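Enquirer: Okay, here's the prediction I keep looking at, along with the sequence it came from:
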Amino acid sequence: MNTDEFMMQDRQILERAQRGDHKAFDQLIKLWYPKIYNFSYKYFADHDDACEVSQKTFIAVYTKLSQLKDLDKFRPWIYQIVSNYCHETQRKKRRTWINKHFPLTKRDPEQAVISLDVEGRERNLQSDYTLFQNELSGLLRKALSMVCEEQRIIVIMKEYEGFKFSEIAEILQISENTAKSRLYYGLKKLKEIFKHWNITQENLNYER
Amino acid sequence: MNAKPDQNTLMAYLYDELDATQKAEVEAYLTQHPELSEELYQLEETRNILSNLEGLEPEIPTFILPEKPPISLINIPKASKSTFLRNMLASAAMICLLMLLGSLTRLHIALENGNFSLSFGNQNSQNLSEDKKTSRLIPGDYSEDSLQNLIKKEIEKDKSLLITQLEDLNKKINALPKPTISPQKSPQELLNRQDLDKLMLEFQEENLETMLKLLTLAHEDQQKYTNEILGVFAEYLERRREQDLQKIGQNLNNLQINQLKNQQETDRIIVKLIESVNINHHN
């Protein structure tokens, strides 16, 4: 199936979902939930928050899909929704005094795998490479969470979702230059963090 | 390109979002300025490191969707008029409710002589209170004569009240039963020398008797106590003797057993010796 066919199929699903077809909406969820979840998981570095934001996003999609006139703009539209929810959740978290001073230890799906691996290395079917990859992913997520919110969201959108600067500007309702500037400072901050943690591409290649 | 490319141009170059001419200009600048090239290289490396973060495959939760499309999906015309009407109705209802409450509680609001009064309940009671108010001083009646008259009247009232109260108290006191006090003898009559001697003797006798009684009682108690102690001590001695005898008997038995053992041992040794002597003798 080439890209055009895939796009066509996506569009058909969207059209049916817009008309209130539940099966089509289920297909839409299957297609988009992993993307939205991963986006929010990179943003929060927290499984529960990512799940909460993803679910809110799809509820909003279900209720507001009929208002979307141009279905070609579904992708930036859904990312706009998820970005807004990410921002809202982050703001609520900042307001909650108890979270700030007594952070609850939350479930991390990869961390669970790592702890299993430590307990029974021989029994675990995971390879060393997977273990290393999980640990690295955890570190990268932590590094991302250390970048300020405004810069982080642009880094994620650009690096992992492949949006153009114009699209990012449209989604976040900022100017292109602001998006570029925020990304520049975000990358610089990440560079400093990696330098501090002694993470270089050379080291990573050696570890592999 | 002579001018240094700004952050935005660098970012666009890094993500390949520049047109061909701009790109060529930046590249030309970079060849001349290795420090900027190094900076870009580091940013590129940061990007490479970031690319190691892979996506996860999450469990897709089940969304329970309503059978009918939600209300927001149905195109409802924006009812600005209906909201206005609703607001008007709400305010009218509120006014009605307030009026009803006012009538139920018989609310009375008045603004008289520059005074604001707010009261609940019957109007008659209000009139009564007003009557009372009139008996009191009203602003404007502060002439000296009227004040003096009022003060005098009040003082007279207080006086008459106090007098009546005092009379009542006196009557009550008089009505109380008076205590009967017997005529006392003179001290000279009481303290006669002979009587004193007699009293002293009586006291002494009484003291002696009580002392004797106490002594006899103490002696009896002591005897009892000593008897008890002696009995307990005798029992203890008896027990001790029995225990000692038992121990002695056991020791004697042990001695006998040991003696027997020793005797048997010596007998065996003697037999062995005799046998060995006999053997030697035969040899």
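Expert: Received it, and whenever you're ready, just let me know what you need.
Enquirer: how about the spatially most central residue of chain A, what does it touch?
Expert: Centroid-nearest residue in chain A: A:F39, 1.1 Å away (criterion: C-alpha atoms, centre = their mean). Neighbouring residues of A:F39 by C-beta atoms under 8 Å, 6 or more residues apart in numbering or on different chains: A:79, A:82, A:156, A:160-161. Glycine gets a C-beta too; all of them are placed from N, C-alpha and C.
Enquirer: How confident was the prediction at it?
Expert: At A:F39, the model reports a pLDDT of 96.
Enquirer: picking up where we left off before, show me which of the contacts of A:F39 is closest to chain B.
Expert: The nearest member of the contacts of A:F39 to chain B, counting by C-beta to the nearest C-beta, is A:Y160 at 7.3 Å.
Enquirer: Wait, that closest one touches A:Y41, no?
Expert: No: the pair A:Y160 and A:Y41 fails to qualify as a contact (C-beta atoms under 8 Å) at a distance of 10.5 Å.
Enquirer: Neighbour count: those two, which is higher?
Expert: A:Y41 (26 against 18; other C-beta atoms under 10 Å in any protein chain shown).
Enquirer: Once you drop chain neighbours, what's closest to the more buried one?
Expert: A:A50 (3.9 Å; C-beta to C-beta, 6 or more residues apart in numbering or on different chains).
Enquirer: From B:L199, how far out is that neighbour?
Expert: Remark: distance between A:A50 and B:L199 (C-beta to C-beta, to the nearest Å) = 110 Å.
Enquirer: pLDDT (mean, whole number) over the longest helix anywhere in chain B?
Expert: When secondary structure is assigned using DSSP state H, the longest helix within chain B turns out to be helix B:193-282. With pLDDT averaged residue by residue, helix B:193-282 scores 92.
Enquirer: And the pLDDT at A:M1?
Expert: In this model, A:M1 is scored at 46, pLDDT.
Enquirer: whoops, I mixed them up, B:Q148
Expert: B:Q148 is assigned a predicted lDDT (pLDDT) of 82.
Enquirer: Next, it: secondary structure please.
Expert: With DSSP: H, G, I helix; E, B strand; the rest coil as the basis, B:Q148 sits in helix.
Enquirer: Could you give the backbone dihedrals for the residue nearest to the centre of chain A?
Expert: When read as degrees, to the nearest 10, the backbone of A:F39 gives phi -60, psi -50.
Enquirer: same deal with B:R106?
Expert: Per-residue torsions, B:R106: phi 50, psi 60 (degrees, to the nearest 10).
Enquirer: Go ahead and confirm it touches B:L118.
Expert: No: using C-beta under 8 Å as the test, B:R106 is too far from B:L118 to be in contact (11.9 Å).
Enquirer: out of the two, which sits in the busier spot?
Expert: More neighbours surround B:R106 than the other of B:R106 and B:L118, with 13 against 8 (other C-beta under 10 Å).
Enquirer: Could you check how far B:I229 is from chain A?
Expert: In this view, B:I229 and chain A are 75 Å apart by C-beta to the nearest C-beta, to the nearest Å.
Enquirer: let me fix that: B:H281
Expert: Counting by C-beta to the nearest C-beta, the gap from B:H281 to chain A is 85 Å.
Enquirer: And for that residue, the neighbour number?
Expert: For B:H281, using other C-beta under 10 Å, the count is 7.
Enquirer: got the contact list for residue 83?
Expert: By default, I'm working from chain A. With contact taken as C-beta under 8 Å, 6+ apart, A:S83 is in contact with A:153, A:171-172.
Enquirer: Among these, which lie within helices?
Expert: A:153, A:171-172.
Enquirer: most surrounded residue in those residues?
Expert: Most neighbours among these, by other C-beta under 10 Å: A:I153, with 28 neighbours.
Enquirer: looking at it, it is touching A:Y85, isn't it?
Expert: No: under the criterion of C-beta under 8 Å, A:I153 makes no contact with A:Y85, lying 11.6 Å away.
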